[in-house]
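**Q** Curious how this folds, go ahead:
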Amino acid sequence: MDTLNRMIDQTKKAFIEKQIDHTTYAIHIKNFEPKLEDLRKFLLAAQKDVINILATIRVLIKNKQFLSRIIISSMSRHFTKKQKKQIIAEKKMLIDEINSNISTDGDRIDAIKRGNY
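**A** Numbering: from 1, shown residues only. Have a look, this model is predicted:
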């Protein structure tokens, strides 16, 4: 997304500064369409993943085991300072994992682009 935004901004800037003419500008903008389609496919695949995860969570919540019900009922509805710090640390760890996966998930992205996801 950032790459597409930079490319569009650079094209727009070049056109405004008269480094390229209207025809060249139109050609460049037209070339963004396939990239935007790839982005659309990726977002649809991500949506599919999120729906699968949420559906799984809902099923697990509905089919709580006895021990799960005891644990949930005994949990506090408010977080301690320590828990808040742990949540912040966990979010950072998840973001780091996501960023790590982005750099190694090229095969999945290629499959999504080909429509094989």
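**Q** Got the confidence number for K18?
**A** The per-residue pLDDT reported for K18 equals 93.
**Q** Counting neighbours, what do you get for it?
**A** The burial metric for K18, expressed as a neighbour count using other C-beta atoms under 10 Å, is 7. Using the backbone N, CA and C atoms, a C-beta is placed for each residue, glycine as well.
**Q** Ok, I112 next?
**A** A count of nearby residues for I112, using other C-beta under 10 Å, gives 19.
**Q** tell me which element it falls in.
**A** helix 106-114 (DSSP states H and E).
**Q** swap in Y25?
**A** Per DSSP H and E: Y25 is located in helix 22-62.
**Q** Show me what that helix is packed against.
**A** Contact here means 3 or more C-beta pairs under 8 Å, 6 or more residues apart in numbering; DSSP states H and E; on that basis helix 22-62 packs against helix 2-16, helix 106-114.
**Q** Name the helix or strand of this protein that has the lowest mean pLDDT.
**A** Within the chain, confidence by mean pLDDT, DSSP states H and E is lowest for helix 66-74 among all helices and strands, at a mean of 70.
**Q** just to revisit the earlier point, quick one, which of the helices and strands packed on helix 22-62 gets closest to T80.
**A** With C-beta to C-beta as the measure, helix 2-16 is the member of the helices and strands packed on helix 22-62 nearest T80 (36.8 Å).
**Q** helices and strands around the closest one, which ones?
**A** helix 22-62.
**Q** Could you check how far V59 is from S73?
**A** Counting by C-beta to C-beta, to the nearest Å, the gap between V59 and S73 amounts to 20 Å.
**Q** ignore the last one, K85
**A** From K85 to S73 the distance is 25 Å (C-beta to C-beta).
**Q** These two: which has the busier surroundings?
**A** For K85 against S73, the residue with the higher neighbour count under other C-beta under 10 Å is K85, and the figures read 11 against 7.
**Q** Pull the distance from stretch 3-13 to the chain's centre.
**A** Centroid displacement of stretch 3-13 relative to its chain, using C-alpha atoms, centre = their mean, to the nearest Å, is 21 Å.
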